[in-house]
Structure formats: C-alpha cells, structure tokens
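Enquirer: Fold the following, please.
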Amino acid sequence: MENLQSTRELLKRQFLLLTGLGWEGVEDISEPDLTFTSNPNGNSAVLLKSLALDLAKEDLALKKAEFTNTNLVLGGSFGVYSSNKTSLANPTLSHEKINAAGSLTYSANQFQISGELAGTYNLTNNSFKPSLSVSGSWNNNPTLASDALTLQKLENEVLIANLAYQTALNEYVQNAATLESNIAAWNMTHALQRQSMEYNLALLKQQQTLFEKGLATKADVDDAAFTVEMDAYTLASTLLDGLKLENQIRTLQI
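Expert: Alright, predicted model coming up:
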C-alpha cells in the first residue's frame with residue numbers, strides 16, 4: 001500500500017512538472033464515435049502497395065517494349081521517262097516509259113528485312129519489265145542472356161509487388177471485419193449497461209422513497225446506491241474501451 005501511495009505521489013509531481021497544473025482526476029469520459037465503413041479498396045497502406053504494383057508492371061512493360069522494338073519503313077517512286085533514241089522498226093517513234101518502284105524495310109532487335117519491287121512500262125510497245133529484290137540481315141546479339149535475366153528480374157518484382165498488395169488488402173479486410181464485429185459487440189454491451197443503469201437508478205429512488213416511509217431499511221438504500229455507483233465505474237470502463245475502438249478506426253482509415 002505504501003509503495004502504491006509513493007508511486008501515486010511521484011506521478012502527481014511529474015504531472016505537475018509537465019503541465020504546470022495539479023492533478024484533479026480524470027474528466028468525464030466522452031461517448032466514442034464508432035462510425036466506420038469498410039473501404040473495398042483498403043486504406044493508404046493498401047494504396048501504396050497498389051501503386052508499387054503498377055510501377056513494377058510499367059517497368060516490365062517498358063523493358064519488354066525496349067527489347068522488342070520494331071520499325072517499318074515504306075518508300076516508293078514514280079516517274080515518266082522519255083528517250084530521244086528512235087526504234088529500229090520505226091525511226092520516227094521515240095520511246096516513252098513509266099518507271100515505278102516501291103520499297104519496304106522491317107527491322108527488329110536482331111534482324112532486318114528489306115524488299116523492293118520496281119517496274120518499267122514502255123508506252124511505245126506496251127511492254128512491262130518488273131524486278132524484285134529481297135535482302136536481310138541477322139544480328140546474333142550476345143546480350144540476349146542478359147536481357148532475359150533482366151526481364152525475369154522485373155517479372156519477379158511484379159510478382160513480389162502483387163503478393164505484397166494482396167497481403168495488405170487481405171490484412172485490411174480481416175482487420176475491418178474484426179473491427180466491425182467489435183463495434184457491434186460494444187454497442188450491444190453499451191446499450192445493455194444503459195438499460196441496467198436506468199433500472200438500478202429507478203430502484204434507488206424507490207428504496208429512498210420506501211425508506212422515507214419506513215418501509216425499507218438504510219441498508220437497502222445503501223445497497224441500491226452502491227449498485228448505482230458501480231454502474232458508473234462499469235460505464236466508464238466501457239467508454240474507455242469504446243475510445244480504444246475509435247482510435248483503431250482512425251488508424252485503419254489512415
């Protein structure tokens with residue numbers, strides 16, 4: 001008992017030193033605000049994991065695009081050619097020709113393919129001479145193994161980020177469900193205590209009235225008063241539990 005009293009006095013002096021005010025006990029405990037709605041998307045912690053997953057996916061997509069980058073180039077030409085040379089069959093007739101050509105080049109990370117189609121149409125003798133050429137090249141890139149490892153690393157980072165996101169979301173959902181259950185239990189307990197307090201307070205008033213009329217003893221009144229006093233302590237404890245739940249709500253909503 002002496003140790004408890006010494007500890008109490010020490011705490012009172014520390015309170016005075018920190019606040020400049022004397023200890024006067026705890027003020028009335030307010031009713032907690034237990035309004036809570038679970039967010040299917042989670043809280044900020046889940047959002048951060050979701051953003052990390054999106055960034056990991058974007059890094060992988062960019063790297064894949066870099067390794068598989070392709071290029072397609074189209075080209076062509078068209079022209080009319082007039083020759084001053086005369087034909088042996090008809091010396092008075094000059095040669096009129098139409099030249100047309102088209103080209104295509106497709107290049108990727110390791111190879112390139114080119115093709116060209118050209119033709120000449122002779123208006124004099126109605127003849128057409130086509131030509132086709134195709135070429136290609138292959139680059140045996142020695143960095144393919146390194147590129148594959150880089151992609152594998154980024155894919156693993158996506159898997160890790162996705163696992164972290166799913167874990168955070170599941171934890172939030174479980175915590176939210178537990179919190180909702182605790183809130184429902186607290187509301188039930190609080191409502192029953194309020195009903196019990198109203199009943200015991202009415203019983204105290206009844207015992208006091210009966211005592212004034214000589215129909216009850218002083219002990220009956222004291223017992224009823226003690227019950228009302230205990231109800232106040234029980235309610236205070238319940239309100240403190242409710243304030244703890246309120247803090248849990250705020251923490252989960254951050």
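Enquirer: Quick check: next helix or strand after the longest helix seen in the chain?
Expert: The longest helix of the chain (DSSP state H) is helix 144-212. Per DSSP states H and E, the first helix or strand lying C-terminal to helix 144-212 is helix 218-253.
Enquirer: For that following helix, what does the pLDDT average out to?
Expert: On average, the pLDDT along helix 218-253 is 91.
Enquirer: For that helix, what is the distance to the chain centroid?
Expert: Distance of helix 218-253 from the chain centroid (C-alpha atoms, centre = their mean, to the nearest Å) equals 39 Å.
Enquirer: now for it, which elements pack on it?
Expert: Applying 3 or more C-beta pairs under 8 Å, 6 or more residues apart in numbering; DSSP states H and E, one finds that helix 218-253 makes contact with helix 144-212. For the C-beta atoms, the positions are set from N, CA and C on the backbone; glycine is no exception.
Enquirer: Next, the angle from the helix it packs on to helix 218-253.
Expert: Computed with axes from the mean of the first three to the mean of the last three C-alpha atoms, to 10 degrees, the direction of helix 144-212 lies at 160 degrees from that of helix 218-253.
Enquirer: Just list what the longest helix of the chain packs against, helices and strands only.
Expert: Using 3+ C-beta pairs under 8 Å, 6+ apart as the contact test, the elements touching helix 144-212 are helix 44-67, helix 218-253.
Enquirer: could you dump those helices to CSV with distance to Glu171 and mean neighbour count?
Expert: Shown next, in CSV, are those (distance: least, C-beta to C-beta, whole Å; neighbours: other C-beta atoms under 10 Å):
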stretch, distance to Glu171, mean neighbour count
helix 44-67, 8, 15
helix 218-253, 10, 15
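Enquirer: Specify the stretch among those helices that is closest to Leu34.
Expert: Relative to Leu34, the nearest member of those by C-beta to C-beta is helix 218-253, separated by 5.8 Å.
Enquirer: any idea how far the residue nearest to Ile183 when sequence neighbours are not counted is from Glu198?
Expert: With C-beta to C-beta, 6 or more residues apart in numbering as the measure, Leu34 is the residue that lies nearest to Ile183, at 4.9 Å, once sequence neighbours are left out. The span separating Leu34 from Glu198 equals 21 Å under the rule C-beta to C-beta, to the nearest Å.
Enquirer: Over to Tyr172?
Expert: Taken as C-beta to C-beta, the span from Tyr172 to Glu198 is 39 Å.
Enquirer: So which of these two has more stuff around it?
Expert: Remark: of Tyr172 and Glu198, Tyr172 carries more neighbours, 20 against 11, as counted by other C-beta atoms under 10 Å.
Enquirer: Is the residue nearest to Ile183 in contact with Trp186, as I believe?
Expert: Yes: at 6.8 Å, Leu34 counts as touching Trp186 under the criterion of C-beta atoms under 8 Å.
Enquirer: residues shared between the contacts of those two?
Expert: Gly242, Leu245 (C-beta atoms under 8 Å, 6 or more residues apart in numbering).
Enquirer: returning to what we had before: just checking, the residue nearest to Ile183 is part of a strand?
Expert: No: remark: Leu34 does not belong to a strand; assigned using DSSP: H, G, I helix; E, B strand; the rest coil, it is coil.
Enquirer: What's the local residue count around it?
Expert: The local packing count at Leu34 equals 19, with neighbours defined by other C-beta under 10 Å.
Enquirer: Provide a list of residues in contact with it.
Expert: Ile183, Trp186, Asn187, Gly242, Leu245, Glu246, Ile249.
Enquirer: and of the residues you listed, the nearest to Ser50?
Expert: Top of the list for closeness to Ser50, among the contacts of Leu34 and by C-beta to C-beta, is Ile249 at 21.8 Å.
Enquirer: Name the nearest residue to that closest one, ignoring sequence neighbours.
Expert: For Ile249, the spatially nearest residue (C-beta to C-beta, 6+ apart) is Phe36, at 4.8 Å.
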